[in-house]
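J.: Below are the sequence and a predicted model; questions follow.
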Amino acid sequence: MTQFTRVSNVWLSSQNGSSSTPEEAMFNKLKADLVFIIHKLIVHNGCNQSEAAKQLSITQLRVSNVVHGQISKFSFDNLYKMLALRGYQVKMTMKGEKPSAKVAPVVGAA
């Protein structure tokens, strides 16, 4: 029987060393949150990858990277810019050692 362990930050607990430091693990967690949010927005809007690319001002290949959760393909700045272009504000929080990012529409944004 396979046993699973629940972790709050997969990059911090990874056996293969995805993150070299706890700080890098936290940063990767925040990037993953933003990728997940962008993916949810694409799905929620019912866009295909080509339409999403136009809305986010990126290529269809970059949308594919988002859809497949390839966070290493993006800088935090790129992810933030994609959300800002769509009229969202990013709010980052830290609860203990658990970082998270959430977005909310900017009031009056197009």
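T.: Noted; the coordinates are in hand.
J.: Helices along this protein, start to end?
T.: 10-13, 22-44, 49-56, 60-67, 76-85 (DSSP state H).
J.: Can you say which of those helices is nearest to residue 95?
T.: helix 22-44 (11.8 Å; CB to CB). No exception for glycine: its C-beta is placed from N, CA and C like everyone else's.
J.: what does that closest one rub up against?
T.: 9-12, 18-19, 49, 52, 56, 63, 66-67, 69-71, 74, 76, 79-80, 82-83, 86, 88, 90, 92, 97-103 (CB atoms under 8 Å, 6 or more residues apart in numbering).
J.: Could you check the angle it makes with helix 76-85?
T.: Put simply, helix 22-44 runs at 30 degrees to helix 76-85, going by axes from the mean of the first three to the mean of the last three CA atoms, to 10 degrees.
J.: Let me see the mean pLDDT of helix 22-44.
T.: For helix 22-44, mean pLDDT is 88.
J.: Dump the C-alpha coordinates for it into PDB.
T.: What follows is helix 22-44 as a C-alpha-only set of coordinates in PDB (Å, rounded to 0.1, in the frame of the first residue of the first chain):
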ATOM      1  CA  PRO A  22      13.600  27.500   2.300                       C
ATOM      2  CA  GLU A  23      13.400  31.000   0.800                       C
ATOM      3  CA  GLU A  24      13.500  29.600  -2.700                       C
ATOM      4  CA  ALA A  25      10.800  27.100  -1.800                       C
ATOM      5  CA  MET A  26       8.600  29.900  -0.500                       C
ATOM      6  CA  PHE A  27       9.100  31.900  -3.700                       C
ATOM      7  CA  ASN A  28       8.300  28.800  -5.900                       C
ATOM      8  CA  LYS A  29       5.100  28.300  -3.800                       C
ATOM      9  CA  LEU A  30       4.000  31.900  -4.600                       C
ATOM     10  CA  LYS A  31       4.800  31.500  -8.300                       C
ATOM     11  CA  ALA A  32       2.800  28.300  -8.300                       C
ATOM     12  CA  ASP A  33      -0.100  30.100  -6.700                       C
ATOM     13  CA  LEU A  34       0.000  32.700  -9.500                       C
ATOM     14  CA  VAL A  35       0.200  30.100 -12.200                       C
ATOM     15  CA  PHE A  36      -2.700  28.200 -10.700                       C
ATOM     16  CA  ILE A  37      -4.800  31.500 -10.500                       C
ATOM     17  CA  ILE A  38      -4.000  32.400 -14.100                       C
ATOM     18  CA  HIS A  39      -5.000  28.900 -15.200                       C
ATOM     19  CA  LYS A  40      -8.300  29.200 -13.300                       C
ATOM     20  CA  LEU A  41      -9.000  32.500 -15.000                       C
ATOM     21  CA  ILE A  42      -8.400  31.000 -18.400                       C
ATOM     22  CA  VAL A  43     -10.700  28.100 -17.700                       C
ATOM     23  CA  HIS A  44     -13.400  30.300 -16.000                       C
END
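J.: Thanks a lot, see you next time.
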